[in-house]
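Student: structure for the following, please:
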Amino acid sequence: MIAALLLTTAGAEVPWNCADPQAQQEMNWCAAQDFHRADAALSAQWKLTSTEMKNRDTRDGKPADGRPGHMATLLTGQHAWLKFRDAQCDLEGYLFRGGSMEPLLVATCRTSLTEARTKQLKDLIEQQ
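Tutor: Numbers count the residues shown, from 1 in each chain. Presented below is the predicted three-dimensional model:
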C-alpha cells in the first residue's frame, strides 16, 4: 500500500504539510516519508556496521569453534529482522485492514522499528 501511495506522488510536488497533517491521505503520505528517511538512515548505518563486522572477521580470523563469523551472523540477524519488521507491522496495520488508516499504522510501525534497529546496529560497532 505504501508503494502504491508513493507511485501516485512520485515526481509530483505534493503541497502537504507534514508538520501538521490534517487529511488521512496527507497523514499516510507523511508517515511514508518518515519511513523512507528512517530506512535511508538504516542503510547508511548498515554500511558502517557491516564494514566493521568484516574488519573484525579479518582481524580475528576464522573462529576456532566453527561458528559463523561476525558478518555472517550479522547478515543472518538482519534477514530475520527484516521479516519480523514487515510481518509485525502488517499485523499492526490489520487493526484497520483495508481502511484508509492501514498505511499510516504500517508506516509508523516500520519507522519505529527501523529507528530502533538503526540504533542496535550503531551500538554493535561502538562495543569493544
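Student: so, low pLDDT: which residues of this structure?
Tutor: For the chain, applying pLDDT under 70 flags the ranges 1-14, 128.
Student: and the helix ranked longest in it, how far from the chain's centre?
Tutor: For the chain, the helix with the greatest residue count under DSSP state H is helix 24-60. How far helix 24-60 lies from its chain's middle: 6 Å, per C-alpha atoms, centre = their mean, to the nearest Å.
Student: now stretch 60-77
Tutor: The answer for stretch 60-77 is 24 Å, by C-alpha atoms, centre = their mean.
Student: mind listing residues that contact it?
Tutor: For stretch 60-77, contacts defined as C-beta atoms under 8 Å, 6 or more residues apart in numbering pick out 49, 50, 53, 54, 56, 57, 124. Glycine gets a C-beta too; all of them are placed from N, C-alpha and C.
Student: returning to that earlier point: in the longest helix of the chain, what's buried?
Tutor: Judged by neighbour count using 16 or more other C-beta atoms under 10 Å, the buried positions of helix 24-60 are 25-36, 38, 41-42, 45, 49-50, 52-53, 56-57.
Student: next structured bit after it?
Tutor: Past helix 24-60, further along toward the C-terminus, the next helix or strand under DSSP states H and E is helix 70-93.
Student: that older thread, how about the contacts of stretch 60-77 in a markdown table, adding distance to residue 86?
Tutor: As requested, the contacts of stretch 60-77 are exported to a markdown table (distance: C-beta to C-beta, whole Å):
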| residue | distance to residue 86 |
| --- | --- |
| 49 | 20 |
| 50 | 20 |
| 53 | 23 |
| 54 | 26 |
| 56 | 28 |
| 57 | 28 |
| 124 | 22 |
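Student: contact partners for residue 86?
Tutor: Counting by C-beta under 8 Å, 6+ apart, residue 86 has contacts residue 110.
Student: now do it against residue 92, distance only.
Tutor: Distance of residue 86 to residue 92, computed by C-beta to C-beta, to the nearest Å: 11 Å.
Student: what sits against the most centrally placed residue in the chain?
Tutor: In the chain, the centroid-proximal residue (C-alpha atoms, centre = their mean) is residue 114; its distance is 3.4 Å. Contact partners of residue 114, counting by C-beta under 8 Å, 6+ apart, are 35, 38, 39, 41, 42, 85.
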